[in-house]
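# got a structure for you, letters missing:
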């Protein structure tokens, strides 16, 4: 299962979906959302972004309170991930302490 946690100044994505090994559309979708968030945060905000993206383990952080632009991207990521968790509850869990 993929576990996503969004904190006030970071997010953590851990695990594998286990939906269909070798052709895992759930893992691919979550990866696309997280990688797009990371690239968009770097490209479209002035926030400092620190990231470590590994297979089955991603941590993205911003050391200061997020700007309005970054907050919108975080909200968008959260929405997309919650939609994935709703569609695939056995494969994705999302929590937020924001």
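Cool, got the structure. Computed from a predicted model, the values in this text were never measured in an experiment. Residues are numbered from 1 along each chain as shown.
# show the pLDDT at the residue of the chain positioned farthest from its centre.
Farthest-out residue of the chain from its mean C-alpha position, per C-alpha atoms, centre = their mean: residue 22, at 21.2 Å. Reading off the confidence values, residue 22 has pLDDT 83.
# centroid-nearest residue for the protein?
Judging by C-alpha atoms, centre = their mean, the chain has its centre closest to residue 34, at 4.0 Å.
# and that one, that one's in a strand?
No: residue assignment for residue 34, taken from DSSP: H, G, I helix; E, B strand; the rest coil, gives helix, which places it outside any strand.
# any chance you could map the strands in the chain?
Taking DSSP state E as the criterion, the chain carries its strands at 2-7, 10-14, 50-54, 57-61, 92-96.
# need these in a markdown table (columns: distance to residue 75 and mean neighbour count).
C-beta: built from backbone N, CA, C; applies to glycine. Formatted as a markdown table, the entries for these read as follows, by distance: least, C-beta to C-beta, whole Å; neighbours: other C-beta atoms under 10 Å:
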| stretch | distance to residue 75 | mean neighbour count |
| --- | --- | --- |
| strand 2-7 | 10 | 18 |
| strand 10-14 | 12 | 18 |
| strand 50-54 | 19 | 12 |
| strand 57-61 | 15 | 17 |
| strand 92-96 | 10 | 18 |
